[in-house]
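Asker: Turn this into a model:
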Amino acid sequence: MKFILALLSVVSLFAFAACSHTPVPVAGAYIVAEVNGTEVETPQPITVTYTGESLVGKGPINNWSVPVDPQTLKLGIGFSTKMAGPEDLMQLEDQLLKAMDGATLTSRSDDVLVIVKDGKDVVVLTPVDPTSTTGTSSPTAIPEK
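Answerer: Numbering: from 1, shown residues only. The predicted model follows:
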């Protein structure tokens, strides 16, 4: 009898494990919160829109876009406008685009998007608070669909 109960417990464990999954990234508006483990602090937030097929960003200097494969969530090579600005912001933008190149888009249960490369979180995107007019981030806001 103990053997049967143990066997049922193991089977149940595998059944529940098979049902669990990573949340699917939600299309919407986000703000870049971290790049390569460093919190982003810029005069204006770096805004990103996830469309389901691309990440389209504005800032800190240029407009940019990175394609996202809808099936694998792999990011392709991004492109941007080529405006100049303060050196520190240009470096941040360069780090951001390089971090996304070839990475994978994932989502946490709190609707925060995380871009992962080589097993590390390289970019964290927090949902934009839809009630805010200043673009401040809210980790609990759900972007409008």
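
Asker: show me where the chain has strands.
Answerer: 28-35, 38-39, 47-50, 54-58, 63-67, 79-80, 104-107, 113-117, 120-127 (DSSP state E).

Asker: need these in a markdown table with mean neighbour count, can you?
Answerer: Where C-beta positions appear, they are placed from N, C-alpha and C, glycine not excepted. Formatted as a markdown table, the strands of the chain follow (neighbours: other C-beta atoms under 10 Å):
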| stretch | mean neighbour count |
| --- | --- |
| strand 28-35 | 21 |
| strand 38-39 | 9 |
| strand 47-50 | 20 |
| strand 54-58 | 19 |
| strand 63-67 | 17 |
| strand 79-80 | 14 |
| strand 104-107 | 18 |
| strand 113-117 | 21 |
| strand 120-127 | 21 |
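
Asker: would you list those strands in a markdown table and tack on distance to Leu96 and mean pLDDT?
Answerer: Output for these, formatted as a markdown table (distance: least, C-beta to C-beta, whole Å; pLDDT from 0 to 100):
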| stretch | distance to Leu96 | mean pLDDT |
| --- | --- | --- |
| strand 28-35 | 5 | 96 |
| strand 38-39 | 11 | 96 |
| strand 47-50 | 10 | 96 |
| strand 54-58 | 8 | 96 |
| strand 63-67 | 8 | 97 |
| strand 79-80 | 10 | 93 |
| strand 104-107 | 14 | 96 |
| strand 113-117 | 9 | 97 |
| strand 120-127 | 7 | 96 |
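
Asker: Save the ones you listed as a markdown table, and put in distance to Gln91 too.
Answerer: Below are the strands of the chain laid out as a markdown table (distance: least, C-beta to C-beta, whole Å):
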| stretch | distance to Gln91 |
| --- | --- |
| strand 28-35 | 10 |
| strand 38-39 | 12 |
| strand 47-50 | 18 |
| strand 54-58 | 16 |
| strand 63-67 | 15 |
| strand 79-80 | 14 |
| strand 104-107 | 23 |
| strand 113-117 | 18 |
| strand 120-127 | 15 |
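
Asker: which ones are touching the spatially most central residue of the chain?
Answerer: When C-alpha atoms, centre = their mean is applied to the chain, the residue found nearest the centroid is Leu113 (2.8 Å). By C-beta atoms under 8 Å, 6 or more residues apart in numbering, Leu113 lies in contact with 25, 30, 50, 105-107, 124-125.
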